[in-house]
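Peer 1: What follows is a predicted structure for the sequence shown.
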Amino acid sequence: MAQNTVENMFKAKQGLQNFFPDFPNVKAFDLHQKHLLYGRIDKDGDSVYLDDSNLKTLHGGTTETHEAVDFVCNAFSDMKKSMRSAANKGFVTLSGLYPVSLKAFKSWSNGDLEYNYNQYLNKLYTTFVDSYVSVDRREERIKNFKDFTREFLKFSLDTADLFPVTKTGFIASIHCSPYVSGLMLDIAPERYGVNSNALVEDYINDVNFRFFVNEIKKFGFMVDKTAPWRIVFNLASGLVDKKESGALTGGQRYMDKFAINYENVFETYYRKAYLDEVLNLKLKMLSLYEAFFLQFSTYETLEYIKCVKHEQAYDLNVISTRKDRELPPAVLNTQEEDEYWLKIMFKLRVAETKSPIDTHSFNFKVNEAVQLHRLFGIQEALKHINSFTKGYEVTNFITKGNYWYGISEKDYESRMRESMENALNPLRSDHAIASAKNIK
């Protein structure tokens with residue numbers, strides 16, 4: 001029954017994709033099937049994140065503060081003026097679903113990477129404490145920070161492809177908000193999910209839909225097929241015009257004011273996540289251990305002692321002792337520590353991307369990374385690890401490429417069905433920590 005429900009949900013979403021009309025010379029965005037990683041991976045296929053210094057506040061938004069990339073904000077501001085002008089001239093119907101006075105209801109602020117990544121890791125930590133540490137007295141194995149890291153690694157590796165630990169893996173996963181790119185905006189306060197399918201049709205059938213789709217193209221935006229109230233800035237908009245005639249149109253017109261173009265936008269406005277991964281893992285794992293130590297500063301050990309009962313008979317007495325865990329370390333910045341974290345990063349990235357490698361090859365690759373670190377520094381070692389565990393090949397950002405999201409289309413559709421099954425599985429629910437002892 002559940003399988004049929006998932007299958008029907010998947011087919012319903014597929015039907016909406018086909019229902020979306022094609023417009024001449026107008027690109028449509030497709031978050032679910034083609035562009036899941038848009039703005040989250042660069043042209044090299046590396047996970048990237050936006051430098052916060054390139055954010056700007058959107059004017060005329062809702063009561064909440066909304067932010068986006070600076071050139072996106074400028075384009076949105078001009079688009080607002082154009083829509084109001086079109087309404088005054090009678091080109092659009094005031095009663096349509098598409099608002100004449102455009103406002104932002106979702107933006108980068110809803111996809112803040114640090115906040116969402118921390119929230120996500122906290123959920124993993126809760127599961128680790130509640131479902132892993134509490135089983136088979138594993139808490140006795142954790143005496144210090146390195147013990148905690150080792151046990152958390154054991155816990156994570158089996159499911160890292162579905163629940164990544166590194167920021168690099170998180171950015172390229174379904175757990176990361178697509179708004180993290182700073183290129184997406186919602187212009188209506190609509191909800192998402194299966195229940196919104198009828199709403200998608202309403203927007204596509206709206207009297208202002210055709211005008212809206214063609215109008216926003218002038219300012220570098222695309223409408224998302226899966227949610228027509230979501231608009232996305234097309235980094236390649238106007239690129240053909242610029243190459244053929246030198247004219248600045250579409251998105252290129254706004255990017256040019258910041259000395260940015262399609263070729264250099266990711267190099268200038270975004271940072272490759274893997275370059276900060278060792279520092280990220282150090283800080284995040286230390287933060288989790290600090291939380292663990294505050295909750296459980298002591299642990300219980302059981303010691304079995306033989307007691308003579310008769311001449312040839314013994315009893316076993318069990319003595320319970322509580323011991324103090326070591327305090328979280330104050331400093332983590334030596335070369336030896338970096339090499340330790342390089343190995344952890346490599347192991348996690350291999351698991352997250354399901355990179356095919358045996359134990360011998362893994363050890364060889366790790367030694368290569370360590371040697372590069374000693375000879376040329378941490379950045380070269382990180383590049384070496386990333387080149388092996390990247391897992392994504394991207395040709396451009398408007399089409400699927402040969403391996404969209406690093407897998408074939410057939411595998412992608414299979415994974416989407418699996419994800420929907422997991423979403424309906426009550427065993428996937430988060431659980432709070434309960435019944436944890438910390439008695440001294």
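Peer 2: Arrived safely.

Peer 1: Do I have it right that Glu64 meets Ser109?
Peer 2: Yes. Applying CB atoms under 8 Å, one finds Glu64 in contact with Ser109, separated by 7.1 Å. Yep, even glycine has a C-beta here, placed from its N, CA and C like the rest.

Peer 1: Neighbour count: these two, which is higher?
Peer 2: Between Glu64 and Ser109, counted using other CB atoms under 10 Å, the more crowded position is Ser109 (19 against 11).

Peer 1: right, and the more buried one touches Thr57 too?
Peer 2: No. Using CB under 8 Å, Ser109 makes no contact with Thr57, being 9.5 Å away.

Peer 1: intersection of neighbour lists for these two?
Peer 2: Common neighbours of Ser109 and Thr57, using CB atoms under 8 Å, 6 or more residues apart in numbering, are 65-67.

Peer 1: Turn the residues you listed into TSV, columns for secondary structure.
Peer 2: Shown next, in TSV, are these (DSSP: H, G, I helix; E, B strand; the rest coil):
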residue	secondary structure
Thr65	coil
His66	coil
Glu67	strand
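
Peer 1: For Met222, state which of those is nearest.
Peer 2: His66 (18.9 Å; CB to CB).

Peer 1: Could you list which residues are in contact with the closest one?
Peer 2: By CB under 8 Å, 6+ apart, the contact list for His66 reads 57-58, 104-109, 185.

Peer 1: Buried ones among these?
Peer 2: 58, 104-109, 185 (16 or more other CB atoms under 10 Å).

Peer 1: which of these sit farthest apart?
Peer 2: Checking the buried ones among the contacts of His66 with CB to CB, the most distant pair is Phe105 and Trp108, at 12.8 Å.

Peer 1: can you give me how far stretch 275-295 is from the chain middle?
Peer 2: Relative to its parent chain, stretch 275-295 has a centroid offset of 18 Å by CA atoms, centre = their mean, to the nearest Å.

Peer 1: Give me the buried positions along it.
Peer 2: 275, 277-278, 280-282, 284-286, 288-289, 292-293.

Peer 1: Next step: the contacts of His66 restricted to strands.
Peer 2: Among those, the members found in strands (DSSP state E) are 57, 185.

Peer 1: Distance to Ala227 for the contacts of His66 - can I get that in a markdown table?
Peer 2: As requested, those are exported to a markdown table (distance: CB to CB, whole Å):
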| residue | distance to Ala227 |
| --- | --- |
| Thr57 | 23 |
| Leu58 | 18 |
| Ala104 | 14 |
| Phe105 | 12 |
| Lys106 | 10 |
| Ser107 | 14 |
| Trp108 | 17 |
| Ser109 | 18 |
| Leu185 | 11 |
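
Peer 1: Just send the contacts of His66 back as a markdown table, with distance to Asp161 and pLDDT too.
Peer 2: Shown next, in a markdown table, are the contacts of His66 (distance: CB to CB, whole Å; pLDDT from 0 to 100):
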| residue | distance to Asp161 | pLDDT |
| --- | --- | --- |
| Thr57 | 38 | 90 |
| Leu58 | 36 | 86 |
| Ala104 | 34 | 90 |
| Phe105 | 33 | 90 |
| Lys106 | 28 | 90 |
| Ser107 | 30 | 91 |
| Trp108 | 27 | 92 |
| Ser109 | 30 | 86 |
| Leu185 | 31 | 93 |
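
Peer 1: Could you single out the nearest of the contacts of His66 to Gly377?
Peer 2: Taking the contacts of His66 together and measuring to Gly377 by CB to CB, the closest member is Trp108, at 32.1 Å.

Peer 1: wait, what's in contact with the closest one?
Peer 2: 50, 55, 66-69, 179-182, 184.

Peer 1: now do 10 Å
Peer 2: Counting by CB atoms under 10 Å, 6 or more residues apart in numbering, Trp108 makes contact with 50, 52, 55-56, 58, 66-69, 72, 177, 179-185.

Peer 1: Now the buried members of those.
Peer 2: Buried among the contacts of Trp108 by 16+ other CB under 10 Å: 50, 55-56, 58, 66-69, 72, 177, 179-185.

Peer 1: What distance do you get for Asn122 to Phe170?
Peer 2: Computed with CB to CB, to the nearest Å, the distance linking Asn122 and Phe170 is 13 Å.

Peer 1: Settle it for me: which of these two has more neighbours?
Peer 2: Ranked by neighbour count (other CB under 10 Å), Asn122 and Phe170 place Phe170 first, with 24 against 14.

Peer 1: how about the more buried one, phi and psi?
Peer 2: Phe170 adopts backbone torsions of phi -60, psi -40, taken as degrees, to the nearest 10.

Peer 1: Which residues does stretch 245-258 contact?
Peer 2: 27, 54, 69-78, 183, 217-222, 233-243, 260-262, 264-265, 268-269.

Peer 1: mind listing what's buried in that stretch?
Peer 2: Buried-residue list, stretch 245-258, by 16+ other CB under 10 Å: 248-255.

Peer 1: With stretch 367-375 instead?
Peer 2: 369-370, 372-373.

Peer 1: how about the residues you listed in TSV, adding distance to Lys390, secondary structure and pLDDT?
Peer 2: Converted to TSV, the buried residues of stretch 367-375 look like this (distance: CB to CB, whole Å; DSSP: H, G, I helix; E, B strand; the rest coil; pLDDT from 0 to 100):
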residue	distance to Lys390	secondary structure	pLDDT
Ala369	14	helix	91
Val370	20	helix	91
Leu372	16	helix	92
His373	19	helix	92
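
Peer 1: And the furthest pair within those?
Peer 2: With CB to CB as the measure, no two of the buried residues of stretch 367-375 lie farther apart than Val370 and Leu372, at 7.3 Å.

Peer 1: Show me whatever sits in contact with both of these two.
Peer 2: Common neighbours of Val370 and Leu372 (CB under 10 Å, 6+ apart) are 342, 381, 384.

Peer 1: Considering those residues, which possesses the most neighbours?
Peer 2: Most crowded among those, counting by other CB under 10 Å, is Ala381 at 25 neighbours.

Peer 1: which other helices and strands contact whichever helix or strand it is part of?
Peer 2: Assigned by DSSP states H and E, Ala381 belongs to helix 378-389. Where contact means 3 or more CB pairs under 10 Å, 6 or more residues apart in numbering; DSSP states H and E, helix 378-389 is packed against helix 167-171, strand 270-272, helix 277-295, helix 335-353, helix 359-376.

Peer 1: Please name whichever of these is nearest to Tyr98.
Peer 2: Closest among the helices and strands packed on helix 378-389, using CB to CB: strand 270-272, at 30.4 Å.

Peer 1: Tell me which strands that closest one pairs with, and in which orientation.
Peer 2: According to DSSP bridges, strand 270-272 has the following sheet partners: strand 48-50 (antiparallel).

Peer 1: Since that was my last question, I'll sign off now.
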